[in-house]
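[1] Just the structure for this:
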Amino acid sequence: MTFARPFTWVELATIEGSGIEVHDVEAVTKPDAQGLRWTFFGGNEPGMEAHFRAAAAESGVEPLGIVAAVVTVPDAAALERLQRSANVYLVDLSISDYIRHNPDVTDVVQNDVYWNLAGWD
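    As a prediction, this is how the structure comes out:
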């Protein structure tokens, strides 16, 4: 899932409270002194926000927020709510469809589109 704007950790918790299971998150920073943004990706675990903030501080960059997440959507009604949300840019199911039709493949990944959405590419 790609968000329409950077999310806070509180907003992410709200999505989880709606029944969406968040597995992994991608968070980005504001530009550094050279104008580059840093990306941090990891499991959605307790302490991840503190880890992101500490890693950003150690790198000398300021956190911006969460721009994408790998999620499990429990049912069609939840998917429809996400697709109608102004806060969600894209819920891309193509990776799930690929995995379903290729069960022996174990190393399939998919990048989100937030960098393009934000015009950072």
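[2] roughly how far apart are the residue of the chain positioned farthest from its centre and residue 67?
    The outermost residue of the chain relative to its centre, with distances by Cα atoms, centre = their mean, is residue 104 at 25.6 Å. From residue 104 across to residue 67, the span is 31 Å (Cβ to Cβ, to the nearest Å). Where C-beta positions appear, they are placed from N, C-alpha and C, glycine not excepted.
[3] repeat for residue 75
    Between residue 75 and residue 67 the distance, using Cβ to Cβ, works out to 25 Å.
[4] same check, this time on residue 116
    With distances taken as Cβ to Cβ, residue 116 is found 11 Å from residue 67.
[5] Give the residue from these two that has the larger number of neighbours.
    A direct count of neighbours by other Cβ atoms under 10 Å for residue 116 and residue 67 places residue 67 higher, at 25 against 11.
[6] Spatially central residue for the chain, please.
    Geometric middle of the chain (Cα atoms, centre = their mean) lands on residue 68, at 1.7 Å.
[7] That residue touches residue 26, doesn't it?
    Yes. The pair residue 68 / residue 26 is scored as a contact, 4.4 Å apart, by Cβ atoms under 8 Å.
[8] Can you pull the phi and psi angles for the closest residue to residue 66 other than its chain neighbours?
    Once flanking residues are discounted, residue 66 sits nearest to residue 7: 4.3 Å by Cβ to Cβ, 6 or more residues apart in numbering. Residue 7 adopts backbone torsions of phi -100, psi 150, taken as degrees, to the nearest 10.
[9] residue contacts, residue 7?
    Going by Cβ atoms under 8 Å, 6 or more residues apart in numbering, residue 7 touches 65-67, 87.
[10] Show me where the protein has its helices.
    Taking DSSP state H, the helices of the chain run over residues 9-17, 48-59, 76-84, 94-101, 114-118.
[11] and the longest one, which residues are buried?
    Same thing as helix 48-59. 48-49, 52, 55-56 (16 or more other Cβ atoms under 10 Å).
[12] Give the buried residues for stretch 85-97.
    Those would be 88-91, for stretch 85-97 by 16+ other Cβ under 10 Å.
[13] from these, which ones fall inside strands?
    Mapping the buried residues of stretch 85-97 onto strands (DSSP state E) picks out 88-90.
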